[in-house]
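Visitor: The sequence and its predicted three-dimensional model are supplied below.
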Amino acid sequence: MAKLSKKRAAAAAKVDSTKLYDLADAMALVKEVNTAKFDASVDLHVRLGVDPRKADQALRGTVSLPHGTGKTKRVVVFCTPDKEEEAKAAGADYVGLDELVQKVQGGWTDFDVVVAMPSTMAKVGRLGRVLGPRGLMPNPKTGTVTPNVGQAVSEVKKGKISFRVDKFGIIHASVGRVSFEPAQLLDNAKELLGTLMKMKPAAAKGTYMKSVTAASTMSPGVKIDPKSI
């Protein structure tokens, strides 16, 4: 096992691994024990009592974080020519159709979110091999397949994120950066967790929110008491 640096060891010592922290305390602690020299992402890892193999429990959705993610997302929009100006005005980084499809088919993936009009999906669907494994395929459930491309781009730029449960029943999502104030991280975390609570599938049995852990890219995990949410 690799030896922890003095800085990491000191950070780990500040976190009681046997304790469940209040959500507000956890957001402050994650900032305090971060050891990264860069503005690291603060992430929540939420283990849910769902069976992701069942369609009615394979949770996915979106949430608009009140304070954004602290990261500017690069957005590609596949649309018809009459919608290009609308998309650009809303802040889209790349706009078009046939040429963009060819570029992505060639392996270009220098973007974070894909928005597409329903009428373009026949062509965008061919990009499944490139976009699918990276979780970039647009989907009506996340509001990224829509005729209102301007609105979709605007929401992403303001802090709308999408999430989906992985095969272990865990949702991983960023709720900001370590440069955020603890109150901002708390607001964002509450928004995400509140959205997940509202989405509880009727078929989910037993404890729904099994565990919640907060961590920055370079910090020890801080366990959160689900009852404090």
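Guide: Looks like it came in fine.
Visitor: How many neighbouring residues does residue 109 have?
Guide: Look at residue 109: counted by other C-beta atoms under 10 Å, it has 15 neighbours. Placement of C-beta: from N, CA and C, glycine included.
Visitor: Same check on the one 4 residues further on?
Guide: The local packing of residue 113 (other C-beta under 10 Å) involves 23 other residues.
Visitor: ok, now residue 8?
Guide: 16.
Visitor: quick one: contacts of the longest helix along the chain?
Guide: The single longest helix within the chain, with elements called by DSSP state H, is helix 182-198. Contacting residues not belonging to helix 182-198 are listed as 23-24, 27-28, 30-31, 42, 44, 46, 48, 59, 61, 63-67, 163, 171, 173, 175-176, 180, 208-209, 212, 214, 229 [C-beta atoms under 8 Å, 6 or more residues apart in numbering].
Visitor: And the residue most central in space within the chain, how far from residue 87?
Guide: Among the residues of the chain, the one closest to the centroid is residue 173, at 4.0 Å (C-alpha atoms, centre = their mean). Using C-beta to C-beta, to the nearest Å, residue 173 is found at 25 Å from residue 87.
Visitor: Tell me which stretches of the protein form strands.
Guide: Secondary structure of the chain (DSSP state E): strands at 41-48, 60-64, 75-78, 94-96, 113-116, 160-164, 170-177, 209-216, 222-224.
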